[in-house]
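Enquirer: Would you be able to build a 3D model of this:
(chains A and B)
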Protein chains: 2
Amino acid sequence: MRLELTPLVERLRSLAKRGDVATIREELEDIHEVDLADALERMTVEEGLEVFRKLEPVDAAFILTELTQETQRLYSEELSDEVLAYYLDILPMDDALGLRESIGEDRFEVLLNMIPQPDAQEIRRSLRYPEDSVGRVMTEGFFKVNPDQSIASVLADIRLASEDKYESVYDLYVLDEGEHLLGVFSLRRAVRARPDLTARELMNDEIVTARASDPAETVARDLARYGFRALPVVDDRGRMVGVLTGDDAQYLIGQADTVDVLKLGAVGGDADSYLSLNPLQLYRRRVVWLLGLFVAETLTGTVMRHYAQAAELNPLTFFIPLIIGAGGNTGSQATTTITRAIAVGDVKTSDLMAVLKRELPTSVMLGLTLGAIGYFRAIFWTESASLIPYVVGLSLPLVTIWATCIGGILPILAKRLRFDPAVMSAPFISTFVDATGLIIYFEVALRILGRNAFG
Amino acid sequence: MRLELTPLVERLRSLAKRGDVATIREELEDIHEVDLADALERMTVEEGLEVFRKLEPVDAAFILTELTQETQRLYSEELSDEVLAYYLDILPMDDALGLRESIGEDRFEVLLNMIPQPDAQEIRRSLRYPEDSVGRVMTEGFFKVNPDQSIASVLADIRLASEDKYESVYDLYVLDEGEHLLGVFSLRRAVRARPDLTARELMNDEIVTARASDPAETVARDLARYGFRALPVVDDRGRMVGVLTGDDAQYLIGQADTVDVLKLGAVGGDADSYLSLNPLQLYRRRVVWLLGLFVAETLTGTVMRHYAQAAELNPLTFFIPLIIGAGGNTGSQATTTITRAIAVGDVKTSDLMAVLKRELPTSVMLGLTLGAIGYFRAIFWTESASLIPYVVGLSLPLVTIWATCIGGILPILAKRLRFDPAVMSAPFISTFVDATGLIIYFEVALRILGRNAFG
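Expert: Model (predicted):
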């Protein structure tokens, strides 16, 4: 069911070269915007923009919302205020709001003044709710019914309503004059009901609602837990202001799960698709955590030194936890990232080279960072003439590169061999690179210190 | 929005004692079956069954489907064939099928012979699809429309159809005489359409379908990716056999994500709610992986021994990777389990004691297992008079207990201090318990070997 992206990327490149707007629009008509967005992510910004500018503007607006925040930012910088304002105008409120961070708050404010004021007001109202709250992600369009309206007149209203205005009319909400929610009934129930019944007679008045200021992830998980199709959202004064739909909830949960999984593997950042990220971005998502862990791991070395006199430990052993930890942590980061990307379908078994092309440069950057810190740390811990700082400074990059590449590749190989890639868990990779990392460390030591100076 | 379970459990206990069926049914009428199932999980089987037997049979059937597999099994053993057959009869096909493993295949087959044969046939047909395939989880009830039917007659059919037969009629499927899917349209479109149009004229014939034999998780993720509300499911001959709905997909994804997260933390088992598991079950979910990792970690010790002569390493240091690894792995398992339970809302900050009551006995069992193996491993690695096996055999349980409890508690404390609990990642806990684990190891060594025998 899922589209292969590599041929699509090729097709977009050749379409961009031919450059005929009508052909492009016609050829891409049947491609889902999610697929188009993913394909654009795999092209350079220049290539991508060349296609993007030729798309039907409405399609372009929706595709922009599907791009990663970084790509949105790069694209927005190249697009005119008029084009962006048009997008904000036609997009549903929550999608428009989702572009705010990429566009930049100041420019977003300028754009809001360019669009029809009721729409701008709606967006500004939403902005008053806390970040990551239901109010920021809810759908403002829902079908309002008067309690005294007959079902026949409700159905007539549905026939007359404009097609775009409501994302869904599967539930009809009965509101009093003060916009307070009295009850709800489904379109199906309306179709089956006697036409002369009033909405009040038909509605179910035991309604579960969410508050607009509630945290969106919690509400989404509760919606899923209880199997609701959608939840009406009320403001602090009990007035209904929107709906959180099941697929909004599903999207929020999916994103939150990805972020959580990555965090469990000590990788920062949001749920952007793996192949849309370049090595520098991957480096940034991992290095902060890694440095924190690395500093914490020097604690272990301190413990070893503390017991060193009593236990007559060779100073080489002080650094064993550091080496083991660096390999374990960078390996866990890579394996967590790739395993999740496989699970959500971002990475396939055929993407082995694409993964290596990202993990190898990432691991070199991570390795050099850790190596430099390890070198200076070792200078403080050993006598002035000792060669151990060189051993540490050289082994750390090697262990990091090895662990990261292994951590990135093993889940893909597992999947190819029809094992579950998640079996290549963080602890498994840690354990595997512990042993191999130590071999690297001792071999480097043997070469630098020589067999005699080894003690 | 979410119900507090502790008061509900108390209420169920007191209701069970009073024992009046009518009161129980009335009092529990407004409680969602998911909450009731979670409350039953926190009671003993005897207590739980006392409540369960007094529930409205239809409610009981649905609640049974929400219980963990282990509890389903224990309850089923106590329930008569007649009662279980009644459940299978009234439950939707996918829910009935979900009980098969808990009831046991043989008894399930007996029960199938007790229910109306068309229902039994439907379940047997579903069983022909591979495990974890779409065919096992799809909904068989969907609304069929004849291509030449007028919309007026379609709406009349919907009015006449029995309420229970269709989980949803938001999409109406147009099928030819051979049950091949020709197109689809929404109830909303039908309501808005001219009544004299035929289904064929109204329908959208660009349909994305899933095959019943496709893996369910992949299809569910694709459905979510493309934002479909539901996917029609066809068999190998292209006949439509069911629907995979958005909330089925959401449920599948949620379960799969939990299993994946746990696997990344080297914890086995399915997505059962944490607090419904007892220490023995927690032990079983962790010990297999742990033993694998432990054996793998002895590799590292072998590496250390290999370089021992050249580097003049103290035999005590052979076991450092084993100690560090045991602490890191058991700590990761606990922290992954608890962090996920917090994320999905199974564990709250007030559950600190409930978590400790599970993690402490679990860690003692894990520690004794690892200690015993470590002790024998050390006997092989050291000279016959050495006391090191005692050091290893005693430190391993201590390190494991310490790491597991810390790994279980820290995410809850983080949440209490309003940090993100996922920040207590597996690598973070590993690093933290590396240092503290070594202190335990060396302190045990000092006490057993004495300062002189230390070298």
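
Enquirer: The one helix or strand A:Ile440 maps to - what's its average pLDDT?
Expert: Under the criterion of DSSP states H and E, A:Ile440 resides in helix A:426-453. Helix A:426-453 shows a mean pLDDT of 83.

Enquirer: Equivalent analysis for stretch A:280-295, please.
Expert: 90.

Enquirer: Let me know whether it sits next to chain B.
Expert: Yes - for stretch A:280-295 and chain B, the contact criterion (Cβ under 8 Å from any Cβ of the partner chain) is met by A:Trp289, A:Gly292, A:Leu293. To be clear about C-beta, it is placed using only N, CA and C from the backbone, and glycine gets the same treatment.

Enquirer: quick one: the last one and A:Asn329 touch, right?
Expert: Okay, so that is A:Leu293. Yes - using Cβ atoms under 8 Å, A:Leu293 is in contact with A:Asn329, at 5.1 Å.

Enquirer: Name only those of the residues of stretch A:280-295 next to chain B that count as buried.
Expert: A:Trp289, A:Gly292, A:Leu293 (16 or more other Cβ atoms under 10 Å in any protein chain shown).

Enquirer: Reformat these into CSV and put secondary structure next to each item.
Expert: Below are those laid out as CSV (DSSP: H, G, I helix; E, B strand; the rest coil):
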residue, secondary structure
A:Trp289, helix
A:Gly292, helix
A:Leu293, helix
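
Enquirer: between the residues you listed, which is closest to chain B?
Expert: Checking those against chain B with Cβ to the nearest Cβ, the nearest one is A:Leu293 at 5.0 Å.

Enquirer: Please identify which of the residues of stretch A:280-295 next to chain B is nearest to A:Ser350.
Expert: A:Trp289 (29.6 Å; Cβ to Cβ).

Enquirer: so what's that closest one closest to, chain neighbours aside?
Expert: The shortest distance from A:Trp289 to any non-neighbouring residue, by Cβ to Cβ, 6 or more residues apart in numbering or on different chains, is to A:Ala266 (4.2 Å).

Enquirer: A:Met365 now?
Expert: A:Tyr283 (4.7 Å).

Enquirer: That neighbour and chain B, how far apart?
Expert: 17 Å (Cβ to the nearest Cβ, to the nearest Å).

Enquirer: residue contacts, that residue?
Expert: Listed by Cβ atoms under 8 Å, 6 or more residues apart in numbering or on different chains, the contact set of A:Tyr283 reads A:Thr362, A:Met365, A:Leu366.

Enquirer: out of the residues of stretch A:280-295 next to chain B, which one sits closest to B:Gln69?
Expert: In terms of Cβ to Cβ, no member of the residues of stretch A:280-295 next to chain B lies closer to B:Gln69 than A:Trp289, at 36.0 Å.

Enquirer: quick one: A:Asp119 and A:Tyr87 touch, right?
Expert: No - using Cβ under 8 Å, A:Asp119 is not in contact with A:Tyr87; the gap is 11.7 Å.

Enquirer: Where do the strands of the stretch 51-200 of chain A begin and end?
Expert: A:143-145, A:171-175, A:181-186 (DSSP state E, counting those that start in this stretch).

Enquirer: taking those together, which one is wrapped up most tightly?
Expert: strand A:171-175 (a mean of 22; mean count of other Cβ atoms under 10 Å in any protein chain shown).

Enquirer: Show me what it is packed up against.
Expert: strand A:143-145, strand A:181-186, helix A:187-192, helix A:199-202, strand A:240-245 (3 or more Cβ pairs under 8 Å, 6 or more residues apart in numbering or on different chains; DSSP states H and E).

Enquirer: Can you tell me which of the contacts of A:Tyr283 lies closest to A:Met203?
Expert: So of the contacts of A:Tyr283, ranked by how close each gets to A:Met203 (Cβ to Cβ), first place is A:Thr362, at 56.0 Å.

Enquirer: how far away is that closest one from A:Pro421?
Expert: Distance of A:Thr362 to A:Pro421, given as Cβ to Cβ, to the nearest Å: 19 Å.

Enquirer: A:Val433 now?
Expert: 17 Å.

Enquirer: the domain parsing of chain A - what is it?
Expert: Per automatic domain parsing, the structural domains of chain A span A:5-129, A:143-254, A:265-453.

Enquirer: Endpoint to endpoint, the second one covers what distance?
Expert: I take that to be domain A:143-254. 27 Å (Cα to Cα, to the nearest Å).

Enquirer: just to revisit the earlier point, now the helices and strands packed on strand A:171-175 as JSON lines including mean pLDDT and distance to chain B?
Expert: As requested, the helices and strands packed on strand A:171-175 are exported to JSON lines (pLDDT from 0 to 100; distance: least, Cβ to the nearest Cβ, whole Å):
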{"stretch": "strand A:143-145", "mean pLDDT": "92", "distance to chain B": "10"}
{"stretch": "strand A:181-186", "mean pLDDT": "93", "distance to chain B": "9"}
{"stretch": "helix A:187-192", "mean pLDDT": "90", "distance to chain B": "5"}
{"stretch": "helix A:199-202", "mean pLDDT": "96", "distance to chain B": "14"}
{"stretch": "strand A:240-245", "mean pLDDT": "92", "distance to chain B": "9"}
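
Enquirer: can the ones you listed go into a markdown table with extra columns for distance to B:Thr317?
Expert: Converted to a markdown table, these look like this (distance: least, Cβ to Cβ, whole Å):
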| stretch | distance to B:Thr317 |
| --- | --- |
| strand A:143-145 | 71 |
| strand A:181-186 | 68 |
| helix A:187-192 | 71 |
| helix A:199-202 | 77 |
| strand A:240-245 | 57 |
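
Enquirer: Tell me which residue is most central in chain A.
Expert: Taking Cα atoms, centre = their mean, the centroid of chain A lies closest to A:Ala271, which sits 1.0 Å from it.

Enquirer: any idea how far chain B is from that one?
Expert: 12 Å.

Enquirer: surely that residue meets A:Gly254?
Expert: Yes - if you go by Cβ under 8 Å, A:Ala271 and A:Gly254 touch, sitting 7.3 Å apart.

Enquirer: need the next SSE after the helix or strand bottoming out on mean pLDDT in chain A, C-terminal direction.
Expert: In chain A, the helix or strand scored least confidently by mean pLDDT, DSSP states H and E is helix A:308-311, which has a mean of 68. Counting by DSSP H and E, the element after helix A:308-311 in chain order, helix or strand, is helix A:320-343.

Enquirer: Name the nearest residue to A:Pro389, sequence neighbours excluded.
Expert: Nearest to A:Pro389 is A:Ala378, by Cβ to Cβ, 6+ apart, at 3.9 Å.

Enquirer: Now do stretch A:278-287: distance to the chain's middle.
Expert: Chain-centre distance of stretch A:278-287: 14 Å, with Cα atoms, centre = their mean, to the nearest Å.

Enquirer: and if you look at stretch A:282-296?
Expert: For stretch A:282-296, the distance to the chain centre is 19 Å (Cα atoms, centre = their mean).

Enquirer: ok, the closest residue to A:Glu41 other than its chain neighbours to A:Asp247 distance?
Expert: Leaving aside its chain neighbours, A:Glu41 sits nearest to A:Ser276 (3.5 Å; criterion: Cβ to Cβ, 6+ apart). Per Cβ to Cβ, A:Ser276 is found 22 Å from A:Asp247.
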